[in-house]
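*Asks:* have a look at this prediction, sequence included:
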Amino acid sequence: MKTEWNLEVLYKGLDDPAYEADMKKFEAVVEDYVASVEAAKGKKAEDVLESLILKHEELAELAYKLQSYLALRQAVETENGDLMAQLNRLMRTYNKGYGAEIAEQKISVQIEDLDGFAKNNEVIGAYHFTIKEAKETAKYLLNDDLEAMISAMDMTGGSAWGQLQSYLTSTVKVDYEGEQITLTQVRNLANSPDVNVRKAAYEAEIAAYEKIEDALAFAINNIKNQVTMLCEKRGYESPLAMTLRNARMKRETLDAMMEAIREYLPTFRKYLRKKGEMLGHSNGLPWYELFAPMGKVEKTYTVEEAKEYLVNCFSSFSKEMSDMMTEAFDNEWIDFYPRKGKEGGAFCAGVPSLKQSRILTNFDGSFSAIGTLAHELGHAYHNLQIQNERILNQDYPMPVAETASTFNETHLGHHAVAQAEGEALLNLLENDLKEQTQCIVDIYSRYLFETAVFEQSQSKFLMAGDLKELMLNAQKEAYGDGLDEKYMHPYMWACKGHYYSSGLSFYNFPYAFGNLFALGLYSKFLEEGERFVPKYNALLNATVKCSVEDAGAMVGIDLTKKDFWESSLALIAKNIEKFCEL
């Protein structure tokens with residue numbers, strides 16, 4: 001089985017004639033689209049909108065195909081300057097059409113009887129929800145020229161700062177045990193069964209960030225200032241308000257979830273203190289012990305064994321899921337192992353032109369790595385459920401983006417725990433709890449940190465020391481006495497790429513949302529069995545065309561009520577009690 005993904009089904013390389021032909025075609029399509037939008041201005045929206053949307057779809061098809069190829073290659077070849085140049089070329093061309101996209105959106109909201117028009121026009125009907133959303137967000141749009149300029153300048157502004165963070169964290173040399181390794185490799189050592197290795201790796205990781213902390217401080221300050229400035233210009237109350245509108249999520253939903261999380265923080269701290277005691281620590285758990293394995297040392301898995309485990313596990317959920325997993329392993333959707341120049345972490349990217357996904361992991365053979373694969377394959381399953389939607393209808397908002405992935409992790413954990421006992425059960429249960437702690441407690445700390453950065457960066461430049469202090473304060477508020485204050489992680493702002501997006505702020509609370517929403521959905525699956533699967537698939541499909549609250553309502557869940565979030569947190573609390581008993 002090959003362990004690197006196959007991108008040659010898109011293009012053989014930058015020198016592939018098909019690549020250059022598509023790039024030139026894209027440039028021509030953008031020019032045609034811009035001219036068509038310009039010609040449509042002043043005409044009746046009902047007469048021109050369908051034609052504009054069809055041209056926009058052609059543009060999007062090419063853009064997604066080219067962007068998929070370049071971005072996926074760049075993720076595993078971060079030092080490849082030719083790829084960066086081609087990505088910039090693509091974005092420059094795309095930005096020429098950005099003002100026209102805004103103009104098209106403004107034309108679409110001029111339709112007076114949208115409901116009636118949508119009933120009689122297949123294309124407009126498909127984008128009914130999107131156009132209704134456009135009516136709501138139109139007041140936040142600037143004029144077409146300004147929107148185009150903002151998009152173009154982001155390439156050398158916020159997006160460039162984000163690329164710097166990715167480059168620095170993927171190429172910085174970590175001095176460990178007389179060798180130089182990558183950040184991904186040293187962070188993976190947090191899972192070592194040897195406490196001396198875990199502690200030495202933690203210290204080496206912290207020391208490595210000192211080499212790049214100033215550059216990263218400049219990056220995060222400039223990105224957050226750019227976002228805040230644009231929010232003010234557009235008329236948003238705050239970056240969080242803009243994020244929630246883009247996420248199709250009510251503030252009441254976020255507040256209900258966060259209030260429930262705060263109430264359950266003492267329960268998570270109980271787990272952390274107990275784990276600390278079991279590992280011989282009396283003042284809470286040191287950071288380098290967060291991922292320490294407990295119970296029977298987990299076996300390691302080959303890629304082939306990981307495939308067998310996942311396919312067997314998810315065949316009890318649905319054949320469609322297990323078949324997709326088989327295809328992902330057999331047809332080279334996945335890039336498994338860490339290597340020089342490859343990004344750390346993991347992600348899944350849909351490739352609409354192939355009706356497939358591509359998954360990046362840094363597989364180390366642990367059961368946790370199988371959990372990561374299950375998570376990313378959950379994203380791929382979500383992509384599968386929307387693949388037959390029209391191309392401009394294949395984006396779902398941040399909160400539900402982590403639902404299918406976390407649902408998969410929940411099913412994997414349920415499957416594994418059901419087959420285990422004794423020390424093996426303790427190991428699996430603790431693995432689940434440390435992941436839950438990351439999704440709830442650490443995510444809460446990241447939310448606090450990003451909120452503080454947005455607030456304070458408006459009145460001062462946050463130097464690396466300031467950012468470290470904000471991060472430590474956030475960790476203390478979230479983890480409380482569950483962590484040993486002598487061993488925390490002041491650089492969590494440096495290694496998390498989510499902070500460095502100029503177009504996507506607060507990509508933290510969606511993980512908690514997805515986790516707790518998935519727990520609620522999984523409870524319904526346990527109650528209903530296979531009857532629930534079609535409902536689940538329908539929910540995933542609907543996420544591209546509804547609010548998160550409407551998605552919840554499809555399965556009888558009111559996301560604005562704290563009691564739903566408490567019911568999901570209570571399930572985690574039960575496992576914490578079981579862990580403490582074991």
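*Replies:* Cool, got the structure.
*Asks:* Ser353 versus His379, what's the distance?
*Replies:* Using Cβ to Cβ, to the nearest Å, His379 is found at 17 Å from Ser353. The C-beta positions use only the backbone N, C-alpha and C, and glycine is treated the same way.
*Asks:* how about Gln458?
*Replies:* Distance from Gln458 to Ser353, counting by Cβ to Cβ: 42 Å.
*Asks:* these two - which one has more neighbours?
*Replies:* Between Gln458 and Ser353, Ser353 has the larger neighbour count (other Cβ atoms under 10 Å), namely 17 against 12.
*Asks:* any weak-confidence spans in this structure?
*Replies:* Confidence mapping of the chain against pLDDT under 70 gives the ranges 297-298.
*Asks:* which helix is the longest one in it?
*Replies:* When the chain is parsed with DSSP state H, its longest helix is helix 45-76.
*Asks:* please point out which parts of that one sit buried.
*Replies:* By neighbour count on 16 or more other Cβ atoms under 10 Å, the buried set for helix 45-76 is 45, 48-49, 52-53, 55-70, 72-76.
*Asks:* for stretch 522-530, same thing?
*Replies:* Quick answer for stretch 522-530 (16+ other Cβ under 10 Å): 522, 525.
*Asks:* ok, stretch 274-283 next?
*Replies:* For stretch 274-283, by 16+ other Cβ under 10 Å, it's 274-276, 278, 281.
*Asks:* ok, back up a step: elements contacting the longest helix of the chain?
*Replies:* For helix 45-76, the packing partners by 3 or more Cβ pairs under 8 Å, 6 or more residues apart in numbering; DSSP states H and E come out as helix 17-40, helix 81-96, helix 98-108, helix 122-126, strand 347-351, strand 356-360.
*Asks:* out of the ones you listed, deepest packed?
*Replies:* When the helices and strands packed on helix 45-76 are scored by mean count of other Cβ atoms under 10 Å, the highest mean neighbour count falls to strand 356-360 (a mean of 23).
*Asks:* okay if I get the helices and strands packed on helix 45-76 as TSV plus distance to Glu528?
*Replies:* As requested, the helices and strands packed on helix 45-76 are exported to TSV (distance: least, Cβ to Cβ, whole Å):
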stretch	distance to Glu528
helix 17-40	45
helix 81-96	44
helix 98-108	39
helix 122-126	30
strand 347-351	27
strand 356-360	27
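*Asks:* so which of those comes closest to Ser318?
*Replies:* Relative to Ser318, the nearest member of those by Cβ to Cβ is strand 356-360, separated by 16.9 Å.
*Asks:* and the angle from that closest one to strand 347-351?
*Replies:* Orientation of strand 356-360 against strand 347-351 (axes from the mean of the first three to the mean of the last three Cα atoms, to 10 degrees) gives an angle of 160 degrees.
*Asks:* what's the spacing between strand 356-360 and its chain's center?
*Replies:* Here strand 356-360 is found 14 Å from its chain centre; the criterion is Cα atoms, centre = their mean, to the nearest Å.
*Asks:* got it, and stretch 106-114?
*Replies:* Worked out by Cα atoms, centre = their mean, stretch 106-114 lies 33 Å from the chain centre.
*Asks:* for stretch 390-409, same thing?
*Replies:* 9 Å.
*Asks:* what are the ranges of the strands in the protein?
*Replies:* For the chain, the strands defined by DSSP state E cover 174-176, 179-181, 334-335, 347-351, 356-360.
*Asks:* quick one: strands adjacent to the second one?
*Replies:* Put plainly, it is strand 179-181. Using DSSP bridges, the strands paired with strand 179-181 in its sheet are strand 174-176 (antiparallel).
*Asks:* what comes into contact with the strand it pairs with?
*Replies:* Strand 174-176 has contacts (Cβ atoms under 8 Å, 6 or more residues apart in numbering) with 180-183, 185-186, 189, 200-201, 204-205, 207-208.
*Asks:* in that strand, what's buried?
*Replies:* Quick answer for strand 174-176 (16+ other Cβ under 10 Å): 174, 176.
*Asks:* before we move on, the earlier item: which one of the helices and strands packed on helix 45-76 lies closest to Asn196?
*Replies:* It is, among the helices and strands packed on helix 45-76 and with distance given as Cβ to Cβ, strand 356-360, at 30.2 Å.
*Asks:* hmm, who's touching that closest one?
*Replies:* Residues outside strand 356-360 that contact it (Cβ under 8 Å, 6+ apart): 5, 7, 68, 72, 75-76, 327-328, 331, 333-335, 342-343, 345-351, 373, 376-377, 379-380, 383-384.
*Asks:* what's the answer for stretch 247-267, then?
*Replies:* Stretch 247-267 is contacted by residues 133, 241, 244, 397-399, 440-441, 444, 447, 478, 480, 509-510, 512-513, 516, 546-549, 559-562, 564-566, 569, 572-573, 576 when judged by Cβ under 8 Å, 6+ apart.
*Asks:* Leu483 and Glu77, how far apart?
*Replies:* 37 Å.
*Asks:* and the two? Which one has more around it.
*Replies:* Higher neighbour count among Leu483 and Glu77: Leu483, with 26 against 18, using other Cβ under 10 Å.
*Asks:* name the nearest residue to that one, ignoring sequence neighbours.
*Replies:* Excluding the flanking residues, the one nearest Leu483 by Cβ to Cβ, 6 or more residues apart in numbering is Gly284, at 4.9 Å.
*Asks:* for the one you found, give me phi and psi.
*Replies:* The phi/psi pair for Gly284 (degrees, to the nearest 10) reads phi 100, psi 180.
*Asks:* so it makes contact with Gly276?
*Replies:* Yes: applying Cβ atoms under 8 Å, one finds Gly284 in contact with Gly276, separated by 5.4 Å.
*Asks:* now the common contact residues for the two.
*Replies:* Shared contacts of Gly284 and Gly276 (Cβ under 8 Å, 6+ apart): 482, 484.
*Asks:* still on that earlier bit, could the strands of the chain be laid out in TSV, adding distance to Glu263?
*Replies:* Below are the strands of the chain laid out as TSV (distance: least, Cβ to Cβ, whole Å):
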stretch	distance to Glu263
strand 174-176	39
strand 179-181	41
strand 334-335	39
strand 347-351	32
strand 356-360	35
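*Asks:* figure out which of those strands is closest to Ile124.
*Replies:* So among the strands of the chain, strand 347-351 is nearest, using Cβ to Cβ, at 24.5 Å.
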